[in-house]
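Chemist: quick one, structure for this:
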Amino acid sequence: MPSEPSSGARIPRLDRAPPHSEEAERGVLGSVLLDAAHVLDLCIEGQLTPDAFYIPAHRLVMEAVLDMARDGRPVDSLTVTERMRAAGTLEKSGGPLFLDGLMEATPTSAHAEYYIDIVRQKFLLRTIIDKARRAESVCYADTGDASAVLSSVEQSFFDIGADLQRGAVTRWGDAIFAVMQQVEHLLTTRDGVSGLATGFRNLDHVLHGMRPSNMIILAARPSMGKTSMAMNIVQNVALGRGMNDKRPRAVAVFSLEMSKEDLVLRMLCTEAQVSMPTVTSGMIARYGDEHNRLIEASTRLNKAPIYIDDSAGLDINEIRARARRLKKKYAIEFVVIDYLQLLHSDDYARQGRQVEITAVSGGIKAMAKELKVPVLCLSQLSRAPETRGGTGTPKLSDLRDSGSIEQDADVVLMLRRPCKYQDDEESGDQTLAILDVVKHRNGPTNDNVRFNFIDRFTLFQDRDEYNRAEPPPRAAAEGEPG
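Modeler: Next up is the predicted model:
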């Protein structure tokens, strides 16, 4: 005989019906038939689709009602009956008597919003159960890559919440209050920075800081210094430079190209203003000035809340899942991705590179809105600036692989160094770096910001046009832009 289960064992019940409320579903449909003009708007606002109804007959009625509403036809018991009869679904749902019964079972349409909420809540529970079962099936399939499965499952559950938020409408008064709070903050601080400061005075003057939910593209041809600039901004943000409160902000860095060891070494040399080739060749004197500066820089950076993920070949859904976890665990306020073209999307990989990059770009923008933080994403440019000759000034159309990048981005910055182009009239200035603002959703374009770039330190500095000379090596003071 089979052994009896222990008293503490949980026996799964296979006879349970999924969560639903037949009465609430009938109440919604009856309210629609009684007062379609008002109730249908509530259904649409509540994103109540036919799939939200568990009873098959109720789904058929809701499909007919929504089709009629889209066609601009009047909705009542007679018109719906004729529509369903013509479509061949009337008898499947129970016939004209069934529709009459829906109205008889609904005492008043005044409670329609309450019925809609019940149906929506039950549908949400069924959706969660369905996602959980799919996750269980994938786990038992044993694909071998548990991390990819976790990211996919996590994203599928988050999509449920995102769909719910998509239908939310903010009260106008609440929006006014939130914006006035930002205005009051600007009037109080008078620093002109409404977002997260980059730590570069001239750049913040143009952008007014990096705004939450913004996707910022920093693009350049290879060896122009875009990774160096991004890491300089990371240091400034993580050390609280450029902000009035001097408060360090947590930063997530996804480096798909460089290892975390290389990034840390680069940031140490930048902070200490010590030549990286000198360090890697072991040519600095122990306990000498450069060594002491490195120790001081490591002490400052050790306090910086920077979280580096150097996993290669990440899928866009996986990077969103990892960023979401970092946001929850460390309250990150800034994300950097180096760089966009190294990301991929398994869901669109077979549809061509352009379609895949479109999905990646859209995913990055969605991540910025989801986390409500600025996302700085590096991007490669095509060879077009070099083939055009002259100054090599890049254009929006030079972004590689997809035009969707320029559409999704809120800000597009393009970095160039005149010394790389012999035909540029400023090619003799070895330290000059120019950042062109070619797109700015909340401000003017055609601005350019000029920097000193000290190559051996991989260090960008605000450029003072009256003093273009390279500054002497020194350690950046605490709280000062580096």
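
Chemist: and the residue nearest the centre of the protein?
Modeler: Central residue of the chain (CA atoms, centre = their mean): residue 367, 1.5 Å from the mean position.

Chemist: do I have it right that that one meets residue 322?
Modeler: No: between residue 367 and residue 322 there is no contact under CB atoms under 8 Å: 10.1 Å. From N, CA and C alone the C-beta is placed, and that goes for glycine too.

Chemist: for residue 325, grab the count of nearby residues.
Modeler: 15 (other CB atoms under 10 Å).

Chemist: sec struct for it, please.
Modeler: Assigned by DSSP: H, G, I helix; E, B strand; the rest coil, the conformation of residue 325 is helix.

Chemist: confirm the residue nearest to the centre of the chain sits in a helix?
Modeler: Yes: counting by three-state DSSP, residue 367 is located in a helix.

Chemist: residues touching it, list them.
Modeler: 319-320, 323, 335, 375 (CB atoms under 8 Å, 6 or more residues apart in numbering).

Chemist: most neighbours among these, please name it.
Modeler: Among the contacts of residue 367, residue 375 has more neighbours than the rest - 26 neighbours, counting by other CB under 10 Å.

Chemist: can you give me phi and psi for that one?
Modeler: phi -120, psi 120 (degrees, to the nearest 10).

Chemist: so which of the contacts of residue 367 is the closest to residue 354?
Modeler: residue 319 (19.8 Å; CB to CB).

Chemist: secondary structure class for the residue lying closest to the closest one once chain neighbours are set aside?
Modeler: Counting by CB to CB, 6 or more residues apart in numbering, residue 319 lies nearest to residue 254, which is 5.8 Å off, once chain neighbours are set aside. Secondary structure, three-state DSSP: residue 254 is strand.

Chemist: ok, now how distant is residue 254 from residue 173?
Modeler: Distance, residue 254 to residue 173, using CB to CB, to the nearest Å: 38 Å.

Chemist: which stretches in this structure count as strands?
Modeler: Remark: strands assigned in the chain by DSSP state E are 215-220, 251-255, 306-309, 334-338, 375-380, 411-416, 432-440, 447-454, 459-462.

Chemist: residues in contact with the closest residue to residue 363 other than its chain neighbours?
Modeler: In this structure, residue 363 finds its nearest non-sequential neighbour in residue 316, 3.7 Å apart by CB to CB, 6+ apart. Neighbour list for residue 316: 343-345, 359-360, 363-364 [criterion: CB under 8 Å, 6+ apart].

Chemist: same deal with residue 139?
Modeler: Residue 139 sits next to residue 149 when contact means CB under 8 Å, 6+ apart.

Chemist: separation between it and residue 133?
Modeler: Residue 139 sits 11 Å away from residue 133, going by CB to CB.

Chemist: look at the residue nearest to residue 363 and report its pLDDT.
Modeler: If you check residue 316, the pLDDT there is 85.

Chemist: check residue 191 too.
Modeler: Listed pLDDT for residue 191 reads 59.

Chemist: what count of nearby residues applies to residue 239?
Modeler: Residue 239 sits with 28 neighbouring residues when counted by other CB under 10 Å.

Chemist: shouldn't it be in contact with residue 302?
Modeler: No: using CB under 8 Å, residue 239 makes no contact with residue 302, being 11.0 Å away.

Chemist: show me where the stretch 201-350 of the chain has helices.
Modeler: For the stretch 201-350 of the chain, applying DSSP state H, counting those that start in this stretch gives helices covering 201-207, 226-238, 260-272, 276-280, 289-302, 316-330.

Chemist: ok, which stretches of the stretch 51-200 of the chain are helices?
Modeler: For the stretch 51-200 of the chain, the helices defined by DSSP H, counting those that start in this stretch occupy 56-70, 77-87, 90-93, 96-104, 112-141, 146-166, 172-189.

Chemist: now render the ones you listed as JSON lines, adding distance to residue 284.
Modeler: Formatted as JSON lines, the helices of the stretch 51-200 of the chain follow (distance: least, CB to CB, whole Å):
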{"stretch": "helix 56-70", "distance to residue 284": "72"}
{"stretch": "helix 77-87", "distance to residue 284": "81"}
{"stretch": "helix 90-93", "distance to residue 284": "82"}
{"stretch": "helix 96-104", "distance to residue 284": "83"}
{"stretch": "helix 112-141", "distance to residue 284": "52"}
{"stretch": "helix 146-166", "distance to residue 284": "40"}
{"stretch": "helix 172-189", "distance to residue 284": "41"}
